[in-house]
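S.K.: Need the 3D shape of this:
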Amino acid sequence: MRIKDFFKGKISEILENYESTKFDEDEFKYAKLIYDLVKWFHYINCDENENLYIINEFNKDSIEKIMLDELNPLVIARLYTYLYQTFNDGKYNNAIKAAENYLISFSTVDDYEIKCSCVNKIINISNTFRQTKYDNTIKKCLKELLGIEREEHNAYDLHIIQSCYKYGVIDYAECIEYCINKMQDSHSKKGHISDKYFEFAIEVNNDALKNNKISKDEHNLKQKELYILKAKLNEKFADNLNLPIQKSYYYEIAMRSLKKAGINPYSEKFINLREKLELNQSKIKENMYVFKEEVDLSKYLQGLSE
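M.R.: Numbers count the residues shown, from 1 in each chain. As a prediction, the model looks like this:
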């Protein structure tokens, strides 16, 4: 079926019958795009009776005409993203139009997550097309996001700090300090620490050594500090848990972290932590049922049948 015939119907019919409709192979991608426009933005080009205006030719130019001025920049950016990800024709131009509209959206919306999403999209487009024209703009956006004080944290925070380091918005020392603060903040609010920030701090520390930003001694000292901090936070978290099996899990993490930090296994701190671990492991064993004698199930089953 040709898409220009299918999309003459009512919106309700389009939404109901799309999945089972067989389109011409060379038009399927265009049909998918038009369907998404109808599904998510079905007020586009429709009359009071929910009929789509007839579009004579479904091609890139006609699809772009559907993007009316009433659509906000974020919607337009997403539509151009769909275009450049789906069609080879005009791929680069559509990606640039998407990036420009993401930039407009960033400057017009107040929502932190939407701002982060817009910057990430611009970064992805720049990386995909090996484009540097937006680098200065990206830096300005990242600085703005970094300056927003927030109490709640989510995955975007990690993405933003990673990008800030990559684009030189913050240096090695600032990045490490940010990650440490996030680890401590996560512990104070949730109890446990965020391993993602710890892993990124280790990565940044290794990167700084690789690029001769710090000496080997500075690298080793910072790595030791990070592992000691990880051990300390995990031990504190374990202390406040109730179940022995959970406590043992985090004590083991703390033990491994102290080993990574090069702490003497005969030091008082190491011995105290080992005693905590052994105590909880003994409690786990006490709560386990161990059957030493074989159970004769045949006699049991015979008793049920009688």
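
S.K.: Residue ranges in the stretch 101-250 of the chain under the pLDDT threshold?
M.R.: Counting by pLDDT under 70, the stretch 101-250 of the chain contains low-confidence ranges at 153, 190-193.

S.K.: Show me the helices in it, by range?
M.R.: 112-128, 135-146, 155-166, 172-190, 195-210, 216-239, 244-260 (DSSP state H, counting those that start in this stretch).

S.K.: I'd like these as CSV, with distance to K97 appended.
M.R.: For every residue, glycine as well, the C-beta is placed using N, CA and C. Compiled in CSV, these are given as follows (distance: least, CB to CB, whole Å):
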stretch, distance to K97
helix 112-128, 10
helix 135-146, 15
helix 155-166, 22
helix 172-190, 33
helix 195-210, 33
helix 216-239, 43
helix 244-260, 48
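
S.K.: ok, the spatially closest residue to T132 that is not a sequence neighbour to S163 distance?
M.R.: Among residues not flanking T132 along the chain, S126 sits closest, at 7.1 Å (CB to CB, 6 or more residues apart in numbering). Distance, S126 to S163, using CB to CB, to the nearest Å: 11 Å.

S.K.: Name the residues contacting each of those two.
M.R.: Taking CB atoms under 8 Å, 6 or more residues apart in numbering as the contact rule, S126 and S163 both touch I138.

S.K.: sorry, back to before: my read is that the residue nearest to T132 contacts Y134, right?
M.R.: Yes: S126 is within contact range of Y134, at 5.3 Å (criterion: CB atoms under 8 Å).

S.K.: Mind listing the shared neighbours of these two?
M.R.: A99.

S.K.: Could I get the phi/psi values of the closest residue to N51 other than its chain neighbours?
M.R.: Closest residue in space to N51, ignoring its immediate chain neighbours: K10 at 5.8 Å, by CB to CB, 6+ apart. Here is the backbone geometry of K10 (degrees, to the nearest 10): phi -70, psi 150.

S.K.: Pull the contacting residues for K10.
M.R.: Per CB under 8 Å, 6+ apart, neighbours of K10: 49-51.

S.K.: Reformat those residues as JSON lines; add neighbour count.
M.R.: Compiled in JSON lines, these are given as follows (neighbours: other CB atoms under 10 Å):
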{"residue": "N49", "neighbour count": "7"}
{"residue": "E50", "neighbour count": "15"}
{"residue": "N51", "neighbour count": "14"}
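
S.K.: Show me those residues that map onto helices.
M.R.: With DSSP state H as the criterion, helices contain none of the contacts of K10.

S.K.: Name the nearest of those relative to K139.
M.R.: E50 (46.0 Å; CB to CB).

S.K.: what's near enough to touch Y102?
M.R.: So Y102 contacts 73-74, 77, 118-119, 121-122 (CB under 8 Å, 6+ apart).

S.K.: now those in CSV, with distance to F200?
M.R.: Below are those laid out as CSV (distance: CB to CB, whole Å):
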residue, distance to F200
P73, 31
L74, 29
A77, 28
C118, 22
V119, 18
K121, 21
I122, 21
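
S.K.: So what does I170 look like in phi/psi?
M.R.: Dihedral angles for I170 - degrees, to the nearest 10 - are phi -130, psi 160.

S.K.: Surely it is in contact with L146?
M.R.: Yes: if you go by CB under 8 Å, I170 and L146 touch, sitting 7.4 Å apart.

S.K.: Which neighbours do these two have in common?
M.R.: 161, 164.

S.K.: which residues are contacting stretch 172-186?
M.R.: 153, 157, 161, 164-165, 170, 192-194, 197-198, 200-201, 204-205, 207-208, 213-214, 222, 226, 229-230, 233.

S.K.: now the residue nearest the centre of the chain: how far from S117?
M.R.: Per CA atoms, centre = their mean, the C-alpha nearest to the average position across the chain is that of A155, at 5.0 Å. Distance of A155 to S117, given as CB to CB: 11 Å.

S.K.: Overlap in contacts, these two.
M.R.: With CB under 8 Å, 6+ apart, A155 and S117 have no common neighbours.

S.K.: if we can go back for a sec, which among the contacts of K10 gets closest to K269?
M.R.: E50 (70.8 Å).

S.K.: what about the residue nearest to E27 when sequence neighbours are not counted, neighbour count?
M.R.: Closest residue to E27 apart from its sequence neighbours, by CB to CB, 6+ apart: I3 at 5.0 Å. I3: 21 surrounding residues under other CB atoms under 10 Å.

S.K.: ok, so what distance separates I3 from T81?
M.R.: 21 Å.

S.K.: ditto for G9
M.R.: Distance from G9 to T81, by CB to CB: 27 Å.
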